[in-house]
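> next one to model:
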Amino acid sequence: MPKISYQELVITCEACETVKKFPVKEYEECLKIFQEYHCPNGCGRNLYSFFTVGTIEKK
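Below you'll find the predicted structure:
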């Protein structure tokens, strides 16, 4: 299985279009940040989307 090096987590609120970026190093850190994140405008959690930025190392 290839190794993934995580670099950034991006969370977007689809309701108010707020975008927040967080530096990360591992997937568990991404999960923790996303689970604890609340939109500064008080929008519902069902309106959030996220993606991670990183690199996949080839063998």
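> CA only for contacts and neighbour counts going forward, please
Noted.
> identify the bridge partners of residue 50.
residue 11 (DSSP bridges).
> try residue 6
Bridge pairing for residue 6 - DSSP bridges - gives residue 54.
> one more: residue 19?
Under the criterion used (DSSP bridges), residue 19 bridges to residue 12.
> buried stuff in stretch 7-17?
Buried residues in stretch 7-17, defined by neighbour count with 16 or more other Cα atoms under 10 Å: 7, 8, 9, 10, 11, 12, 13.
> closest one of those residues to residue 34?
residue 11 (7.6 Å; Cα to Cα).
> can I assume that closest one is in contact with residue 45?
No - taking contacts as Cα atoms under 8 Å, residue 11 lies outside contact range of residue 45: 11.0 Å.
> quick check: the residue most central in space within the chain vs residue 48, distance?
Nearest to the geometric centre of the chain sits residue 9, at 3.2 Å (Cα atoms, centre = their mean). Taking Cα to Cα, to the nearest Å as the measure, residue 9 falls 13 Å from residue 48.
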